[in-house]
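Q: Next input, structure requested:
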Amino acid sequence: MLSDLNVVRNIGISAHIDSGKTTLTERVLYYTKRIHAIHEVKGKDGVGATMDSMDLERERGITIQSAATYCEWKNRLGVQHHINIIDTPGHVDFTIEVERSLRVLDGAILVLCGVAGVQSQSITVDRQMRRYSVPRLAFVNKLDRQGANPLRVRDQLEQKLRLNAVMIQLPIGLEDKHAGVVDLVEMKAYYMEGDNGENIRTEAIPADLEAQAATYREKLLDAVSMFSDELTEAMLEERVEPEVLRAAIRTATIARKIVPVLCGSAYKNKGVQALLDAVTFYLPNPTEVENTANEVTNNGKNETQIVLPCDPAKAFVGFAFKLTEERYGQLTYVRVYSGALRKGDFIHNTRNRQKVKVGRLVRLHADQMEDIEVTSAGDIVALFGVECNTGDTFTDGTVDISMTSIHVPDAVIHYTIFTKDPKATQNLSKALQRFSREDPTFRVASDPETGETIISGMGELHLDVYLERMRREYKVPVEAGQPRVAYRETITQRADFNYTHKKQTGGRGQFGKVGGFVTPMEAGTDYEFVDDIVGGIIPREYIPSCDKGFRSMVAKGMLIGVPVTGVQVTINDGGYHDVDSSDTAFQEAARGAWREAYPAARPIVLEPIMRVDIEGPAEFHGAMVGTLLSRRGIIVGSTEEDGFSKVEAEVPLATMFGYSTDLRSATQGKAEFAMEFSKYQQAPASVQEELVKKYQAERAAAAKK
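A: A predicted model of the protein is given here:
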């Protein structure tokens, strides 16, 4: 149980892929004595980084699943802190791992490459941190690499992310001369020496850096003085003590008014201990973060938003933010927001009202576990054998509280999967059920016409990883068809309808009449139903039936059989029969009205457009642009600096399959790209025509079977 919440930190480490997050976490664990040897992400020892515990992660050299650990760190002031850490993936296909981690964290470290600076996934991670109001530090990593420039990265944080980024450190040397950092708070130089940088030598600031340090110290004071009257007074008296400046930086950071920028090289063991100190100095403890929840009162009639105090003495409230299936059952990661929880306690799931017993309570260290007897508010732990879904809230049963859920982005790519081994069908079903429970962005459906199993996800890599896990973990020889793009349909103009459903087959008949119109809506809105019925021309009990009927039609458009988005349905007229009207009759009337109005509303096909960022040597700039233009890409930005070129473009997802091979061929394997969903936009007429023909042919073939 955490006795002093003031010395607790719950932090995440997030960044663009290959910025050094996992390498940084490995050093943190080494310096805090959680591990006794440093292993690399792509280590020659074959062990791999501690936090990359999955075989696929070690083979590919990337983080696929977020991993939790904890450590103890005594900062330079001699205060011992307990730090819970979640290392998150950098690849955009696994963005849900970042999303659900930031949902439960109090602070974060945004890691940036000292050469590449702010990259595409840096922008996505920043957006996620803003969504959950997470204060952050920025750590400019890889200063040992050629072309590294932390001051340029600070400028990019300001220009691209609109952050008030403030240097609190300066590097001592760059590239192969990088030796340590200058602390602008204490105005001292720190050198990391020894085989693994474990020995820290404190010196005066080198003479050649004194002027630069004085300049950036003034910038730091100017930036944070507005958040502390005490600091302002000290500046006027020209007597600024480090503890006063630290307190002002802390206040501004927690208020998300500034982002302190630190620097170093995790791979070369430089600057990591100073970063740990900064975590304890500037990021909030659990009591300094405002967490809101929805409380149900008045016997379930009212729901109000409340601020949940981080108090071990209050009623227990915990949030399940991640699930994994282990050898001995489901492992549920839980952030404890209020109260205390002991092994053997009974807890209540506020979603399904089920009561379950906590059989095993553990702290996590990557794939290792440490049994504990009790936990309390402010902690991150895991429960064994508790069945639930991601996003469920648990309480002790004395309160009815639900935490706000996690933002889940829509899938953009589909695979049809099958296995030729009939004996493996049951294992395939188990795998699909497990993975869809663990990962909200991994979705499973069955095609109603063909009966095929369809999996959906965030990208090719996302689905390929799950296919490989099915083969390895469940021994299923699964195969996948060609990737399919998540197209959408929408309408472009208003269309009226006035439809009567009338059926008489002997005995009680069916009668329902609906009138109204459909109109297009703004992008980003799927479907909206408007009830403008007055005078009881349709009885109130049948209005939901109309909504249900329209909603069923929106699920599958009439052009190419994909969901319809951006449509508003308004009913303002109708009729009913005292005997023959029913729920079923009005659902059928709504479906008939949709079939009548939809073709008249000029439906079109929307295709997903991806934001694609390419980085590579400037000599291949033309080749990189060419690969995008050949795929219907639109260039939206291009920069060239220090022999390094960046190209930003918007490209239809349908044209991006197999792109990595083409890019490698065009740039001699020296360029890399990142891709994430940007928006939906109208597909060209030729593409729509081809998609309609293909859909009609598939329907005709299915009808013959």
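Q: CA atoms for contacts and neighbours, from now on please.
A: Will do.
Q: How about Ser456, nearest residue that isn't a chain neighbour?
A: His414 (4.3 Å; CA to CA, 6 or more residues apart in numbering).
Q: actually Pro409, not the one I typed
A: Pro409's closest residue in space is Thr441 (CA to CA, 6+ apart), at 6.9 Å.
Q: helix, strand or coil for the one you found?
A: coil (DSSP: H, G, I helix; E, B strand; the rest coil).
Q: That one and His414: what is the separation?
A: 12 Å (CA to CA, to the nearest Å).
Q: swap in Ile538?
A: The gap separating Ile538 from His414 is 40 Å, by CA to CA.
Q: cool, Leu102 as well?
A: Leu102 is 27 Å from His414, by CA to CA.
Q: got it, and Ala234?
A: Distance of Ala234 to His414, computed by CA to CA: 61 Å.
Q: higher neighbour count, these two?
A: Set Ala234 next to His414 and count neighbours by other CA atoms under 10 Å: His414 wins out with 25 against 16.
Q: following the helix or strand where that one lies, which helix or strand shows up next?
A: Assessed by DSSP states H and E, His414 sits inside strand 413-419. Using DSSP H and E, the helix or strand that follows strand 413-419 in sequence is helix 425-438.
Q: centre of the chain versus that following helix, how much separation?
A: Using CA atoms, centre = their mean, to the nearest Å, the mean C-alpha position of helix 425-438 is found 22 Å from that of the whole chain.
Q: helices or strands up against that helix?
A: Judged by 3 or more CA pairs under 8 Å, 6 or more residues apart in numbering; DSSP states H and E, helix 425-438 is in contact with strand 317-326, strand 443-446, helix 460-473.
Q: quick check: angle from the first one to helix 425-438?
A: Computed with axes from the mean of the first three to the mean of the last three CA atoms, to 10 degrees, the direction of strand 317-326 lies at 150 degrees from that of helix 425-438.
Q: circling back: the strand holding His414 to helix 460-473, inter-axis angle?
A: Using the same axes, to 10 degrees, the inter-axis angle of strand 413-419 relative to helix 460-473 is 20 degrees.
Q: Do me a favour and get the end-to-end distance for stretch 345-365?
A: Terminal residues of stretch 345-365 lie 23 Å apart, using CA to CA.
Q: what's the burial count for Leu432?
A: Residues near Leu432, counting by other CA under 10 Å, number 20.
Q: was I right about it contacting Val444?
A: Yes - using CA atoms under 8 Å, Leu432 is in contact with Val444, at 7.0 Å.
Q: Surely Gly616 is in a helix?
A: No - under three-state DSSP, Gly616 sits outside any helix and is assigned strand.
Q: How much space separates it from Lys670?
A: Taken as CA to CA, the span from Gly616 to Lys670 is 6 Å.
Q: Looking at these two, which has the bigger crowd around it?
A: Taking Gly616 and Lys670 together and counting by other CA under 10 Å, Gly616 has the greater number of neighbours (21 against 13).
Q: Next one: the more buried one relative to Glu650, how far apart?
A: 18 Å.
Q: Show the model's pLDDT score for the closest residue to Pro603 other than its chain neighbours.
A: The shortest distance from Pro603 to any non-neighbouring residue, by CA to CA, 6+ apart, is to Ile491 (4.2 Å). Looking at Ile491, its pLDDT reads 94.
Q: Ile491: neighbouring residues, count only.
A: The burial count for Ile491: 23, using other CA under 10 Å.
Q: close enough to count as contact, it and Thr519?
A: Yes - using CA under 8 Å, Ile491 is in contact with Thr519, at 7.4 Å.
Q: Mind jotting down where the helices sit in the stretch 451-600 of the chain?
A: Along the stretch 451-600 of the chain, counting by DSSP state H, counting those that start in this stretch, helices occupy 460-473, 543-554, 583-597.
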